[in-house]
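Visitor: sequence unknown, structure follows:
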């Protein structure tokens, strides 16, 4: 039943008007920042603990594994922007070159403390939420943050900033706005200056875990439901409907 409701939610949001982000990063599908697979044109990239696997999905009924690249143990999330993949792992973010789409090359690992860390990217900057709690995701004495990296040189990414968060999960980016799931709700940051996100608003959403944007609709996965919002005004996100999980 959960899978059925999820598919209904995805079909609903996919029927909305497409935005520029889908074509900007060259992908043919949309996923949340905590996804374990992503699609770019006729290829699907999937993570499996310590491998990045590439599948040819030209024939959707018969996907073919074309490459398996060992990265490191503890891969958790995947995000594609342009010709690079950003992999969130338990102790860092990996930058992977896919200029040759079927032969991924890991360029750099940006190390940080043990945490859960989905990542999104836009142009020369990547944003990663690093959540540390006393419940099995990182060291509870450390602080959860939103980290900002300059990835203009894929071989030498630089940590530019850290913003303290309560308990962040997934995040999404579009134009000059960054949306972050946090314990208090969905925090909206202005990233006109990409190195200095400015907190502008917080939408009251209970226990948000991840976000998929498809302008003007935002699909939010919470602990118990999928919720649809209208974010045409980023500073006044409005509730539309709920797809309950149970």
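Guide: The structure has been received and is ready for your questions. Remember, it's a predicted structure, so these values are computed and weren't measured experimentally.
Visitor: So, low pLDDT: which residues of this protein?
Guide: Regions of the chain meeting the criterion pLDDT under 70 cover residues 1-31, 112-117, 133-141, 244-246.
Visitor: now the helices for it?
Guide: Secondary structure of the chain by DSSP state H: the helices cover 2-14, 21-24.
Visitor: Make sure residue 130 is actually in contact with residue 145.
Guide: Yes: Residue 130 is within contact range of residue 145, at 5.3 Å (criterion: Cβ atoms under 8 Å). Bear in mind the C-beta positions are built from the backbone N, C-alpha and C, glycine included.
Visitor: List the contacts of the residue nearest to residue 81 when sequence neighbours are not counted.
Guide: Of all residues not flanking residue 81 in the chain, residue 121 sits nearest, at 4.1 Å (Cβ to Cβ, 6 or more residues apart in numbering). Under the criterion of Cβ atoms under 8 Å, 6 or more residues apart in numbering, the neighbours of residue 121 are 79, 81, 84, 86, 127, 151, 173.
Visitor: Isn't the third one up against residue 155?
Guide: No: judged on Cβ under 8 Å, residue 84 makes no contact with residue 155 at a distance of 11.2 Å.
Visitor: Between those two, which contacts overlap?
Guide: Both residue 84 and residue 155 are contacted by residue 95, under the criterion Cβ under 8 Å, 6+ apart.
Visitor: If you count surrounding residues, which of the two has more?
Guide: Here residue 84 and residue 155 are compared on neighbour count by other Cβ atoms under 10 Å; more neighbours surround residue 84, at 19 against 9.
Visitor: I'd like to know how far the one residue sitting closest to the centre of the chain sits from residue 109.
Guide: Using Cα atoms, centre = their mean, the residue of the chain that lies closest to the mean C-alpha position is residue 33, 1.6 Å off. Taken as Cβ to Cβ, to the nearest Å, the spacing of residue 33 relative to residue 109 amounts to 19 Å.
Visitor: do residue 62 as well
Guide: The value you get for residue 62 to residue 109, if Cβ to Cβ is used, is 34 Å.
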